[in-house]
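Undergrad: need a 3D model of the following:
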Amino acid sequence: MPTKRSAMKAIESRKEIIFNKLYLILTGLLLVSAILGGRFTAFNSISTIGLLLVWIAEGDFSTKWERLKSSPLVYLTTFYFLLYVLSIWISKDKDHALSLVQREFVIVFIFSSKNPFKKEHIYFLLKIFVYGTFFWMSLASILAMKQYLFSGDPSVFLYHTLAYNIESTAIYASLLCVISVAVVLFVPASARWKIILYVFFTIWLLLLSSRMFLFIHLVISVVNLFTYLPAKYRVIPAGGIIAIVALLFFTNNPIKSRFQDLELFKTSYLTQPTFNEATYFDGLSLRLVYIRFSCEIMREHNGYLLGVGSGDAATLLREKILSYHMFTGDNSISGKGGYLQYSFHNIYLESFVSFGIIGLLTLLMLYGYIGYTGIKNRMALLRDIFIIIFFSSFTDVIIMHDQCDLSLILTLCCLSITLIGYNEQHL
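TA: Now for the predicted structure:
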């Protein structure tokens, strides 16, 4: 006859299995919802709320607290989140500042304090993300092919036009593809599986033509090539990379034209007292002009320490755009607001203006911890995530500004850190 104690253990074991399955399902849905992007934020919120409810229902908060106390990622993300809360008090537009408090930093609490996923479950989740991105980009390509058959215009396969087919942007789709490349290079799988998916995601990155993400893809590929492949196997992939770069550089193609846009950069934009609506800004010029505007904002509002507040930062940038007479288009129509519709295009810059030097240092410490932990523990995925967020933050704000992006990055960081624990057990 089973004893009462053994019966209780059996019940607890079944309970643990149920909660683990719920965590696994909801985390998978969270990753899939992140692929869908900002226009489907509700799915991301539902997944996060579901994870939080499971976390609460699971109980055992004393054990969870002990796990939380040992996680530097929790401290850094908590402090950065509190800066959003502090900004409600600093900002004049308190309603907007309050709306920005809704961030997915709670994910770090959940994954850092719950019973860790099994190693095979983490690899399963990572592959779900890769397959989800592959399906999403395949759908975009199929829809682009349909447009091409009717119009005969090859530009439907390029840049934002390709991404618009799936209600996304070229930048966000590029982020998904380059993260998928990092995952493909990391997870245990056959060489054929890795090569096929690597080639597909590389092609999509070329078509999406984001200069920064193509650069990041090149960096990740080279780092992995020289870190893990023996010298005798490096020649073919290295030759392939050089051949592709040379082909793009020495032939006339739409991707090359994206880089030629950099030739339009004018240093005079950095000191010019005013502009007019006919003035064209290439991507580099616009980002450098925004640095100029941000410095002026900080000086005028004396916000170097704590910033001007997250609720006012974007408004003050728009006021600068208006005062310098830049092209504003028709702001009453979505997507037709000229330069008014663009953000700071730089997470470091936005953090500095919103939260001051304290915010910028906190962000750098958060990134630094991710990079240091990945490199020190030889966790390739965490290292590659650091490369992605560190460089992409110079040209866009998607990593921290958008809920889906942030939840994706933090989830992958937490899964990677969990894998470090398994690796340490085998040392």
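
Undergrad: any idea whether H345 is helix, strand or coil?
TA: Classification of H345 into helix, strand or coil gives coil, according to DSSP: H, G, I helix; E, B strand; the rest coil.

Undergrad: which residues touch it?
TA: With Cβ atoms under 8 Å, 6 or more residues apart in numbering as the criterion, the residues that contact H345 are 286-287, 290, 395-397. Heads up, the C-betas are built off the backbone N, CA and C, glycines and all.

Undergrad: check E16 too.
TA: With Cβ under 8 Å, 6+ apart as the criterion, the residues that contact E16 are N115.

Undergrad: list the buried residues of the helix or strand harbouring it.
TA: Following DSSP states H and E, the helix or strand that holds E16 is helix 4-36. If you call a residue buried by 16 or more other Cβ atoms under 10 Å, then helix 4-36 has these buried ones: 19-20, 22-24, 26-36.

Undergrad: any idea which of these is closest to L68?
TA: When these are compared for distance to L68 (Cβ to Cβ), Y23 comes out closest, at 16.2 Å.

Undergrad: distance-wise, check that closest one relative to G50.
TA: Computed as Cβ to Cβ, to the nearest Å, the Y23 to G50 distance reads 10 Å.

Undergrad: again with L36
TA: From L36 over to G50 the distance is 16 Å, taken as Cβ to Cβ.

Undergrad: then A163?
TA: A163 sits at a distance of 28 Å from G50 (criterion: Cβ to Cβ).

Undergrad: what about those two, which has more around it?
TA: When neighbours are counted by other Cβ atoms under 10 Å, A163 comes out ahead of the other of A163 and G50, with 26 against 17.

Undergrad: which residues touch the more buried one?
TA: By Cβ under 8 Å, 6+ apart, the neighbours of A163 are 140, 169-170, 172-173, 208.

Undergrad: any stretches of the stretch 301-427 of the chain with poor pLDDT?
TA: Along the stretch 301-427 of the chain, the parts satisfying pLDDT under 70 run over 330-337, 424-427.

Undergrad: swap in 90 and give it another go.
TA: Scanning the stretch 301-427 of the chain for pLDDT under 90 picks out 303, 324-345, 395-406, 421-427.

Undergrad: measure stretch 113-125 end to end?
TA: From the first residue to the last, stretch 113-125 extends over 18 Å; the measure is Cα to Cα, to the nearest Å.

Undergrad: ok, and the closest non-adjacent residue to N377?
TA: I420 (4.7 Å; Cβ to Cβ, 6 or more residues apart in numbering).

Undergrad: any idea how far the one you found lies from L73?
TA: Separation of I420 from L73 (Cβ to Cβ) stands at 11 Å.

Undergrad: so if I had to pick from the two, which one is more boxed in?
TA: More crowded of I420 and L73, by other Cβ under 10 Å: L73, with 20 against 17.

Undergrad: in terms of helices and strands, where is that one?
TA: Under the assignment here (DSSP H and E), L73 is part of helix 72-90.

Undergrad: past that helix, which element shows up next along the chain?
TA: Scanning forward in sequence from helix 72-90 by DSSP H and E, the next helix or strand is helix 94-100.

Undergrad: helices or strands up against that next one?
TA: helix 72-90, helix 310-323 (3 or more Cβ pairs under 8 Å, 6 or more residues apart in numbering; DSSP states H and E).

Undergrad: deepest in the core, which of those is it.
TA: Highest mean neighbour count of the helices and strands packed on helix 94-100: helix 310-323, a mean of 20 (counted as mean count of other Cβ atoms under 10 Å).

Undergrad: who's in contact with L286?
TA: If a contact means Cβ under 8 Å, 6+ apart, then L286 has 339, 342, 345 as its contacts.

Undergrad: now do 10 Å
TA: Shown in contact with L286 (Cβ atoms under 10 Å, 6 or more residues apart in numbering): 265, 269, 280, 326, 339, 342, 345.

Undergrad: then C404?
TA: Residues touching C404, when contacts are defined by Cβ under 10 Å, 6+ apart, comprise 30, 33-41, 43-45, 104, 172, 176, 398.

Undergrad: quick one: buried ones out of those?
TA: By the neighbour-count criterion of 16+ other Cβ under 10 Å, the contacts of C404 include these buried positions: 30, 33-38, 40-41, 43-45, 104, 172, 176, 398.

Undergrad: can you name the two of the residues you listed that sit furthest apart?
TA: S45 and L176 (19.0 Å).

Undergrad: what score does the spatially closest residue to V222 that is not a sequence neighbour have for pLDDT?
TA: Once its chain neighbours are removed from consideration, V222 has its nearest residue in I241; the separation is 7.2 Å (Cβ to Cβ, 6+ apart). On the pLDDT scale, I241 is placed at 72.

Undergrad: burial of I241, as a residue count?
TA: When counting by other Cβ under 10 Å, one arrives at 16 neighbours for I241.

Undergrad: same thing with L410?
TA: The local packing of L410 (other Cβ under 10 Å) involves 24 other residues.

Undergrad: and what of I399?
TA: For I399, the count of nearby residues is 20 (other Cβ under 10 Å).

Undergrad: one step back: now do the shared contacts for I420 and L73.
TA: With the criterion set as Cβ under 10 Å, 6+ apart, the overlap between the contacts of I420 and L73 is T373.

Undergrad: how much space is there between L158 and T395?
TA: Relative to T395, L158 is positioned 19 Å away (criterion: Cβ to Cβ).

Undergrad: oops, could you answer that again for I297 instead?
TA: Relative to T395, I297 is positioned 20 Å away (criterion: Cβ to Cβ).

Undergrad: hang on, the earlier thing: and which of the contacts of L286 is nearest L225?
TA: Taking those together and measuring to L225 by Cβ to Cβ, the closest member is H345, at 30.3 Å.

Undergrad: give me phi/psi at the closest one?
TA: When quoted as degrees, to the nearest 10, the phi and psi of H345 stand at phi 60, psi 20.

Undergrad: what does D402 give?
TA: Its backbone dihedrals place D402 at phi -110, psi 140, with angles given as degrees, to the nearest 10.

Undergrad: could you report the neighbour count for the residue lying closest to L52 once chain neighbours are set aside?
TA: For L52, ignoring the flanking residues on the chain, the nearest one in space by Cβ to Cβ, 6+ apart is V106 at 6.1 Å. By other Cβ under 10 Å, 17 other residues sit near V106.
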